[in-house]
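>>> Turn this into a structure:
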Amino acid sequence: MKRLLLGIAASMAISMSAYAETKIAVSMSYFDDNFLTMLRQSMAKSAAEKPDVSIQFEDAQGDIGRQLNQVQNFVAQDVDAIIINATDTAATARMTKLAKKAGIPLVYVNKKPDQELPAGVVYVGSDEVVAGRLQGEQLAKSLNGKGNVAIMLGELSSSGTRGRTQGVKEVLANYPDIKIVEEQTANFQRSEAIDLMNNWIVSGIKIDAIAANNDEMALGALLAMRQAGISPKDIVVGGVDATSDALSSMAAKELAVTVFQNAAAQGEGAVTAALSLAKGEQVDGTVWVPFELVMLENMHQYQ
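All right, here's what the predicted structure looks like:
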């Protein structure tokens, strides 16, 4: 009887370990952002479709210290994998060190850390420079190679801001009759973009096109223009992300161009990488998800 009970206990232990839940913890830079909401929903959906996987989300609210505390809590909880959508891509070294020291697999998603990632830490996202190039080339075509361009920057700490701006500038440098006349931040926020665009309008600066680092700022610029009685035909506006709001604006023939960033693929890729690392499997250090140009002619593919 004793041997039988021991055998049953051992069998139960093996069964429980075989079906042990894999716990993934995610720190998001923000919850109240259209694109990041899609990214978070994609991760939740991807985890829900896999057996014995749980996922929890925390909102860093744009606060570096809060995000660091969240990662410290994840380590204390001894989760099986951590995913981070970085608040500040220049401030991720300590978070990487915490996860590596604890032996917990780490995946960064959407925002690529500035420092080189050590072996076993993965980045899943898109090449931001490519997004800027696609946007810049289409805006240049819309201007027939002549005019003044203003760039609306996202958060200055974001690799997305730097990459997208770099891409736009690379393209516009090939057009000697196009000048960049303004370059200021609206922190990826629609409300701040409204204020910034109003300031530009009031200043009297001649602007023929707006290259916004994301759709939210592009939509803010368009709203300010509408309030000032300026037609989208007079100032061409481009964004990045191809959010549902942006596509609605494009259908109304307001937004001229956006660049599709595949939130679903990034979210699914981040969860897949985290689970693979948790199993001890090898994963490429960088998993790229391509950007795609979106205009009125092909927007139906993205709605």
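
>>> Now do the closest residue to Ala263 other than its chain neighbours: how many residues are near it, please.
Leaving aside its chain neighbours, Ala263 sits nearest to Met38 (3.8 Å; criterion: C-beta to C-beta, 6 or more residues apart in numbering). In this view, the C-beta of every residue, glycine as well, is placed from N, C-alpha and C. Around Met38 there are 19 other residues, counting by other C-beta atoms under 10 Å.

>>> ditto for Ala270
Ala270 has 30 neighbours, counted by other C-beta under 10 Å.

>>> Dihedrals phi and psi, it?
phi -70, psi -40 (degrees, to the nearest 10).

>>> Ok, Ala211 next?
Dihedral angles (degrees, to the nearest 10) for Ala211: phi -100, psi 100.

>>> Pull the number of nearby residues for Ala212.
Ala212 has 33 nearby residues by other C-beta under 10 Å.

>>> how near is it to Ser27?
Note on Ala212: its distance to Ser27, by C-beta to C-beta, to the nearest Å, is 26 Å.

>>> do the same with Leu275
17 Å.

>>> swap in Lys45?
Counting by C-beta to C-beta, the gap from Lys45 to Ser27 is 19 Å.

>>> Same drill for these two, tell me which one is more crowded.
More crowded of Lys45 and Ser27, by other C-beta under 10 Å: Ser27, with 24 against 14.

>>> hey, C-alpha coordinates of stretch 293-303 in CSV?
Taking Å, rounded to 0.1, in the frame of the first residue of the first chain, the C-alpha atoms of stretch 293-303 are listed here in CSV:
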residue,chain,number,x,y,z
LEU,A,293,2.8,51.5,-47.5
VAL,A,294,-0.9,52.4,-47.3
MET,A,295,-2.8,54.8,-49.5
LEU,A,296,-6.4,55.4,-50.6
GLU,A,297,-5.9,52.9,-53.5
ASN,A,298,-5.0,49.9,-51.3
MET,A,299,-6.4,50.9,-47.9
HIS,A,300,-9.3,48.3,-48.1
GLN,A,301,-6.7,45.6,-47.5
TYR,A,302,-6.0,47.0,-44.1
GLN,A,303,-9.5,47.9,-42.8
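
>>> need the strands for the stretch 1-150 of the chain, in chain order.
22-28, 53-59, 81-84, 106-109, 121-125, 147-153 (DSSP state E, counting those that start in this stretch).

>>> Spell out the secondary structure type for Glu183.
strand (DSSP: H, G, I helix; E, B strand; the rest coil).

>>> from memory it sits against Val149, does it?
No - Glu183 is not in contact with Val149 according to C-beta atoms under 8 Å; the separation is 9.2 Å.
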